[in-house]
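Enquirer: I'd like to go over a predicted model; first the sequence, then the structure.
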Amino acid sequence: MKNKMSTLTPRAVCFALIALVSISTHVVADTSSASHRRTLDIDSSVVTDHETKILGKRVKYSATTGTQPVWNSKDEAVATLFYTYYQRTDVKDNADRPLVISFNGGPGSASVWMHVAYTGPRILNIDSEGYPVQPYGVQTNTYSILDVADIVFVNPVNTGYSRILEDEDGNLPSKDEQQKMFFGVNADISYLADWVNTFVTRNNRWRSPKYLIGESYGTTRVSGLALELQNRQWMYLNGVVLVSPTDIGIERDGPVKAANRLPYFAATAWYHKKLDSELQSKDLTELLPEVEQFTINELIPALAKGGFIGEDEKRTVLGKMARYSGLSEEAIMQNNLDVDTAFFWKALLRDEGKTLGRLDSRYLGVDAKQSGNRPDYWAELTSWLHSFTPAINYYLREELNYKTDTKYNMFGNVHPWDRTNNHTGENLRLAMAQNPYLNVMIQSGYYDGATNYFDAKYTMWQLDQSGTMKDRLSFKGYRSGHMMYLRRDDLKQSNQDLREFIQASTPEQGQPAMYSR
């Protein structure tokens, strides 16, 4: 038998050899892990141009997506932060155009939430109450504040595409070193203040009026940044916006912590029609002041007496708590008048087999059992991730043209988080005292059970106990939850409140920053 190769033409042999070499080369490339590592450019930017309509008027703008390094004290790049910067392009000069610097919270949360649902020019596809719909994606935000201010959305370390960098030997810092550098109340504030300084310098925004907006833990972040920017970066602000604020280091433990939940309970029970006919017939904004007055004047003093409260007073308080909360007197008594929020989320609609969302109690969940003292899961969070995750991944890659194989972390690994020495509320007060231009606005949803609206009011009241700066503090409430902007009516109103806050706190040309006698 002849060798089969001897029957092949020279041309066929040539093609066979080329194919063999190609197959061999492909196999070698696949087995090289180094060539397939996911990497992110440390210092990069992609610019796209756009046009939209805001409040019926045409607005042209650019969107810059990119990364900017974080440097240590030795001027070594130790991390890179991903950001998205929107700048209006149909204005001649940005010297007097405000710049809003936006942070979400967690800690460990990306900037996605306010970026594609609140202030940005494009928002995710949801229905008018905030529930996910398909197809996933984004739509025009006709209420965006981009008409009056430029906006940069910043992702702290390990959120979004932001990452810690390896050293020259290819090693990451140890967990302890990472915490000291990034993952704690004060470490977070320190490196972000330096990053903001670099961003403002690179983008020629030192002359612009500047605003910080933070949501949830982001309110702790921006409260601390207000003073850090002033004292360490010599950068003074015009405004700080606290969306669904944490305690920002202002204590409200014991009877205050327990009592302050009741107005939120009342709002949620009203929404789900669990109050008596007299209370249910009132508008929410008529009902809540009544509950707030009871909370301050009767409930806090009663809880302060603990087990020594008189029986008659206890019975009176118990009856009013049941009436305002929608819970039974028996359930409240079993909790010694101190009803935990987790119990409330489980108990209010127990007879219907439903649980309430934590961050937005309009959302309903279904547990394996009706018994128990807390829901199996957070109904609102699963709903939000349902719609936000595909929206941000689509939007950044396909509309803003930022392409990377690095995973977009909706929530990043930042724990354990060092919460010691949290004096951010006092820092914000001191920043206001030092800077007569600085104003603060709080925005809260009435149905937020995680950072409830009455706690936010209490924080505002305690921020400046002297009362000398209360004309520079304001509160806005909305008929939704933690992310109040998901409800269409509140998206419109909350953006308008931001717009008016920015306009009111941007001084007239030549107006001095000074206190008068």
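Expert: Perfect, I can see it now. Numbering: from 1, shown residues only.

Enquirer: Can you tell me how far residue 372 is from residue 164?
Expert: Distance, residue 372 to residue 164, by C-beta to C-beta, to the nearest Å: 40 Å. Glycine gets a C-beta too; all of them are placed from N, C-alpha and C.

Enquirer: do residue 464 as well
Expert: 38 Å.

Enquirer: try residue 396
Expert: 21 Å.

Enquirer: same question, residue 68
Expert: 14 Å.

Enquirer: can you map out the strands along the stretch 301-450 of the chain?
Expert: 355-356, 364-365, 439-445 (DSSP state E, counting those that start in this stretch).

Enquirer: Identify whichever of those lies nearest to residue 98.
Expert: Evaluated over the strands of the stretch 301-450 of the chain, closeness to residue 98 peaks at strand 439-445, with 12.3 Å, by C-beta to C-beta.

Enquirer: So for the residue nearest to residue 128 when sequence neighbours are not counted, what pLDDT did the model give?
Expert: The shortest distance from residue 128 to any non-neighbouring residue, by C-beta to C-beta, 6 or more residues apart in numbering, is to residue 488 (4.2 Å). For residue 488, the model assigns a pLDDT of 98.

Enquirer: residues near residue 488, how many?
Expert: 15 (other C-beta atoms under 10 Å).

Enquirer: now do residue 199
Expert: By other C-beta under 10 Å, 18 other residues sit near residue 199.

Enquirer: Who are the contact partners of it?
Expert: Shown in contact with residue 199 (C-beta atoms under 8 Å, 6 or more residues apart in numbering): 68, 83, 85, 101, 152, 154, 205.

Enquirer: how many other residues sit next to the third one?
Expert: Neighbour count of residue 85, defined by other C-beta under 10 Å: 22.

Enquirer: just the fourth one next, same as before
Expert: Residues lying near residue 101 (other C-beta under 10 Å) number 26.

Enquirer: Doesn't it belong to a strand?
Expert: Yes - assignment of residue 101 by DSSP: H, G, I helix; E, B strand; the rest coil places it within a strand.

Enquirer: OK, contacts around it?
Expert: Here residue 101 is in contact with 151, 152, 154, 196, 199, 210, 211, 212, 213 (C-beta under 8 Å, 6+ apart).

Enquirer: separation between residue 42 and residue 414?
Expert: 20 Å.

Enquirer: who's more crowded, the two?
Expert: For residue 42 versus residue 414, neighbours defined as other C-beta under 10 Å are more numerous around residue 414 (21 against 14).

Enquirer: Go ahead and confirm the more buried one touches residue 106.
Expert: Yes - Residue 414 is within contact range of residue 106, at 6.9 Å (criterion: C-beta atoms under 8 Å).

Enquirer: who touches both of those two?
Expert: residue 159.

Enquirer: The residue positioned nearest the centre of the chain: what's it in contact with?
Expert: Centroid-nearest residue in the chain, with C-alpha atoms, centre = their mean: residue 104, separated by 2.8 Å. Residues in contact with residue 104 (C-beta under 8 Å, 6+ apart) are 110, 111, 112, 113, 114, 159, 214, 215, 216, 217, 218.

Enquirer: Once you drop chain neighbours, what's closest to the third one?
Expert: By that I understand residue 112. Closest to residue 112 by C-beta to C-beta, 6+ apart is residue 392, at 4.6 Å.

Enquirer: Residue 130 versus the one you found, what's the distance?
Expert: With C-beta to C-beta as the criterion, residue 392 and residue 130 are 16 Å apart.
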